[in-house]
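Asks: my questions concern the predicted model and sequence given below.
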Amino acid sequence: MEQLATVWRDMVLDRDPGADVRDLPGVAVRWAECRFGFWNCVTLTDAGADAGLMEKRLGQAAGIMRSKRHAGFLWVFEDLLDPEARPRLTEAAERAGLVHAFSGTGMAGDLLPVPEPAHPDLSFTRVGTDEHLRAYADLNSRAYGMPLEAGRDGLVGSRLWRTGVHAYLGMRDGVPVTCAGAVEADGRLFVVLVATDPRWERRGYGEAVTRKALYEGARNTGLTRATLHATAAGAPVYPRIGFEPNSPLHFFTLGS
């Protein structure tokens, strides 16, 4: 959760220096107010919240989300909740007007450095131009079922992604088919926005480009620990690199 709050602060302020970035009691807001939903984020931050406090925080988070123009996500780290509150999460969220969107898993590991990656189908290009950022954005939009304009609104024009993130495109015959980034945060590398074009899944491309981002990130920073938040679909990739699952993670959106 702290990694999310740290990294997303930089991401949304890069997108909009006037973004809503607040640390409230029990709720962190990282909201760029753009069409790229992942840059519109609220997360619960209490440790050991019981059912009553969880319900209160869900209501506060939903109220913040309703005040915004663009849609976004509430992220809930299950292990921050009291064990008795965890099975009540979905029902409590529904009472607050929230709908479960998808689940994932937090992962971490003391796994760096990794060997220099290679894949027989791919070459790797570091993101450094708006053309690269557009390709990176489009891969994420296709992977997550968003309009292309949404991803581009989140990434194109970013200075941070061209200079501060070890972001790479995996190229097959000169065409971008996969991408991953790693950014330094509080003494760790944090893996961000891994995506593969759905037409090229199940070929090891996502794993290869994630290894590339981690390899270059570790080589340039000397860091040895890495963290990430994986979707359920992407989760099987990361243990092969050395990540170990920790807290289950749930994403909620506002109901209609």
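Replies: Received, thanks. For clarity, every value in this text was computed on a predicted model and none was experimentally measured.
Asks: correct me if wrong: R15 contacts S158.
Replies: Yes: between R15 and S158 there is a contact under C-beta atoms under 8 Å: 7.0 Å. C-beta here means a position set from N, CA and C on the backbone, and glycine is covered the same way.
Asks: show the contacting residues for the spatially closest residue to F36 that is not a sequence neighbour.
Replies: What sits nearest to F36 in space, not counting adjacent residues and going by C-beta to C-beta, 6 or more residues apart in numbering, is G154, at 2.6 Å. By C-beta atoms under 8 Å, 6 or more residues apart in numbering, the contact list for G154 reads 15, 32, 34-36, 38-39, 137.
Asks: which one of those residues is nearest to A150?
Replies: Among those, R35 lies closest to A150 (C-beta to C-beta), at 4.2 Å.
Asks: I'd assumed that closest one was in a helix, is it?
Replies: No: under DSSP: H, G, I helix; E, B strand; the rest coil, R35 falls outside any helix and is assigned coil.
Asks: export stretch 142-149 to PDB, keeping only CA atoms.
Replies: The C-alpha atoms that make up stretch 142-149 are tabulated as PDB, following Å, rounded to 0.1, in the frame of the first residue of the first chain:
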ATOM      1  CA  ARG A 142      -5.800  -3.000 -25.500                       C
ATOM      2  CA  ALA A 143      -4.700  -5.300 -22.600                       C
ATOM      3  CA  TYR A 144      -7.200  -3.700 -20.200                       C
ATOM      4  CA  GLY A 145     -10.100  -3.100 -22.600                       C
ATOM      5  CA  MET A 146      -9.900   0.700 -22.600                       C
ATOM      6  CA  PRO A 147     -10.300   3.100 -25.500                       C
ATOM      7  CA  LEU A 148      -7.000   4.000 -27.000                       C
ATOM      8  CA  GLU A 149      -7.600   7.700 -26.100                       C
END
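Asks: pLDDT on that stretch, on average?
Replies: Throughout stretch 142-149, pLDDT has a mean value of 95.
Asks: all numbers from here: first residue = 133
Replies: Noted, 133 is the first residue going forward, which turns the last one into stretch 274-281.
Asks: list the buried residues of it.
Replies: 274-276, 278 (16 or more other C-beta atoms under 10 Å).
Asks: quick check: which ranges of the protein have low pLDDT?
Replies: Counting by pLDDT under 70, the chain shows no low-confidence range.
Asks: which one of the contacts of G286 is nearest to V323?
Replies: Distance to V323 across the contacts of G286 (C-beta to C-beta) is lowest for F170, with 13.6 Å.
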